[in-house]
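Below are the sequence and a predicted model; questions follow.
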Amino acid sequence: MSSANISSPQLPESEPESEQQQEKHSFLTGKLPGWFLAILLIGGGVIGGGVILWQVFVTGSAQTAESGIEAPPPTSVETTVLASGAGNRQVRLLGQVEAGERATLSPQLDGTVHSVSVREGDRVTPGMTVAVLDDADSRLALAEARARLAQERSNLARLQVGTRPEILAQREAELDAARTRELAAQDNLERISNLTEQGALSQRDLIEASAEASAARSEKYRVEALLAEAQAGATQEETDAQQGLVDAANAAVEQAQLSMQRTEIKAAFSGIVQSREVDPGDYVEVSDSVLTIVSDRTLDIFLELPESLSGQVAPGMSVTLNARALPDWQQATRITAVVPTADTASRRQRVRVSLDDPPPRLVPGMAIQASLTMPIDSVGSFVAPRDALTRRGDEWLLFMIENDRARELEVEIVADLGQEVVIANSELREGQIVVITGGDGLANDAAVQVVN
């Protein structure tokens with residue numbers, strides 16, 4: 001079948017297209033040549049082929065559009081390696097300075113105060129005499145004890161040396177005289193006895209003569225015993241007994257000397273006189289307060305612990321001290337001891353920090369602030385810089401780097417350490433790479449570039 005020739009009518013010349021119309025025409029035509037459009041307008045015999053070519057054109061145009069969209073560049077981030085650890089936290093404590101050594105001096109015997117050589121604020125040294133009691137009675141007691149000791153020592157020496165020769169001669173002479181008197185008394189008794197038998201003397205005269213003879217005989221026996229004792233010397237028992245008397249007398253002397261020494265009240269250690277309670281002329285008794293001395297070489301600082309920390313603090317823990325009265329002073333030290341009981345007033349446990357060389361301006365009674373370093377015991381916790389966390393709403397997020405992409409992970413803050421935080425999550429592992437800078441604008445699975 002032949003097609004008829006149809007001539008096209010003459011169309012008036014159109015005005016040149018505007019720039020926008022040209023762009024629109026170019027889009028609709030897909031920038032195809034004019035002969036291709038003519039083919040589409042001619043007969044239906046070529047319509048099928050035109051459809052196929054149009055599909056090819058459209059598909060090619062879509063692919064060209066997709067390839068023209070560029071992916072966003074990776075976000076630059078700085079990272080660090082996650083480290084496991086419990087970390088430490090700082091706990092603020094309050095306390096007070098107390099003297100490391102404090103002594104209230106009291107007399108050890110009753111007496112009148114003779115003199116006091118120091119006043120409040122004076123410095124004392126160990127063994128320095130700070131007050132003196134009247135010692136008149138003590139001096140007399142010492143003199144009496146020394147005299148008794150001398151007597152007992154003389155008696156002991158006599159027993160140890162034995163009887164002197166002149167004493168023996170005296171005893172022998174006394175014995176001779178006693179024997180002579182005995183013979184005379186015996187002769188007188190015999191004479192009176194004969195006269196009594198003859199009736200010249202009475203029976204009474206005989207009795208008196210007999211008594212005189214018996215007395216003379218007893219005197220002779222006594223003198224003989226003294227001579228025998230002088231010749232034999234002292235027994236060991238007598239010597240030991242006398243030695244005991246000497247020891248007792250010597251102890252009495254030492255006691256009197258001690259009483260003399262105790263009239264002087266001395267400082268036990270180096271320090272400052274805090275208070276003075278007596279003046280010369282005051283009568284004091286044992287245990288009455290005379291002076292109070294505090295040490296300026298060592299100070300004890302007692303800090304009160306919150307009830308939540310009771311039983312958790314141990315000697316050796318680090319603590320930093322400062323005082324409002326000394327703004328330029330700060331000292332790092334360690335806890336010396338933990339008082340095992342709670343204070344009756346505050347119901348809080350206390351710890352003691354000893355300072356062996358405190359600053360001169362730190363004195364007993366001052367208030368102290370302290371920062372106690374407490375370890376945080378949390379299983380599966382990690383220490384990370386604070387900058388590694390990003391807050392979104394009520395959540396704290398941490399970004400980990402895996403295959404150059406950011407992985408978002410919600411974490412729990414166990415403790416705030418200032419520049420660092422202790423975090424926990426079951427998916428955290430030591431050695432993981434986490435973002436510390438650039439995480440605020442990150443999203444989960446975003447591409448990243450590490451620029452450490």
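Here it is on my side, so go on.

mind listing the helices in the stretch 151-300 of the chain by residue range?
For the stretch 151-300 of the chain, the helices defined by DSSP state H, counting those that start in this stretch cover 165-198, 203-232, 236-261.

Out of these, flag the one nearest A145.
Nearest to A145 among the helices of the stretch 151-300 of the chain is helix 236-261; the distance by Cβ to Cβ comes to 4.1 Å. Backbone N, C-alpha and C define where each C-beta goes, glycine included.

buried sites along the closest one?
Neighbour counts over helix 236-261 (16 or more other Cβ atoms under 10 Å) mark 242, 245-246, 249-250, 252-253, 256, 259 as buried.

Stretch 340-351 too?
349-351.

re the thing from before, columns distance to Q108 and pLDDT on top of the buried residues of helix 236-261, output as JSON lines?
Formatted as JSON lines, the entries for the buried residues of helix 236-261 read as follows, by distance: Cβ to Cβ, whole Å; pLDDT from 0 to 100:
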{"residue": "Q242", "distance to Q108": "33", "pLDDT": "92"}
{"residue": "L245", "distance to Q108": "28", "pLDDT": "95"}
{"residue": "V246", "distance to Q108": "27", "pLDDT": "96"}
{"residue": "A249", "distance to Q108": "23", "pLDDT": "96"}
{"residue": "N250", "distance to Q108": "21", "pLDDT": "96"}
{"residue": "A252", "distance to Q108": "18", "pLDDT": "96"}
{"residue": "V253", "distance to Q108": "18", "pLDDT": "97"}
{"residue": "A256", "distance to Q108": "14", "pLDDT": "95"}
{"residue": "S259", "distance to Q108": "9", "pLDDT": "94"}
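
Let's have those residues in TSV, adding distance to Q90.
As requested, the buried residues of helix 236-261 are arranged in TSV below (distance: Cβ to Cβ, whole Å):
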residue	distance to Q90
Q242	77
L245	74
V246	72
A249	70
N250	66
A252	66
V253	65
A256	63
S259	58
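
Closest to R158 out of those?
Q242 (8.7 Å).

Hmm, R153 and that closest one touching each other?
No. Using Cβ atoms under 8 Å, Q242 makes no contact with R153, being 9.3 Å away.

Name the nearest residue to the most centrally placed residue in the chain, ignoring sequence neighbours.
The chain has T336 as the residue nearest its centroid, 1.5 Å off, counting by Cα atoms, centre = their mean. Using Cβ to Cβ, 6 or more residues apart in numbering and skipping the chain neighbours, the partner closest in space to T336 is S354 (4.4 Å).

Doesn't that neighbour lie inside a strand?
Yes. S354: assigned to a strand according to DSSP: H, G, I helix; E, B strand; the rest coil.

Look up the pLDDT of R153 for me, please.
We have a pLDDT of 94 for R153.

quick one: contacts for it?
Residues in contact with R153 (Cβ atoms under 8 Å, 6 or more residues apart in numbering) are 246, 249.

Look up how far N250 lies from it.
9 Å (Cβ to Cβ, to the nearest Å).

Over to T336?
Taking Cβ to Cβ, one finds T336 at 47 Å from N250.

before we move on, what about E395?
According to Cβ to Cβ, E395 and N250 sit 90 Å apart.

Need the pLDDT of the residue nearest to the centre of the chain.
pLDDT, T336: 95.

Quick check on it: phi, psi?
phi -80, psi -50 (degrees, to the nearest 10).

Then N425?
Dihedral pair for N425: phi -170, psi 140, per degrees, to the nearest 10.

how many other residues sit next to it?
As a burial measure, N425 scores 15 neighbours (other Cβ atoms under 10 Å).

hang on, the earlier thing: now render the helices of the stretch 151-300 of the chain as CSV, adding distance to T75.
Listed next are these as CSV, based on distance: least, Cβ to Cβ, whole Å:
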stretch, distance to T75
helix 165-198, 126
helix 203-232, 123
helix 236-261, 88
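
Any idea which of those gets closest to E101?
Judging the helices of the stretch 151-300 of the chain by Cβ to Cβ, what sits closest to E101 is helix 236-261, at 22.8 Å.
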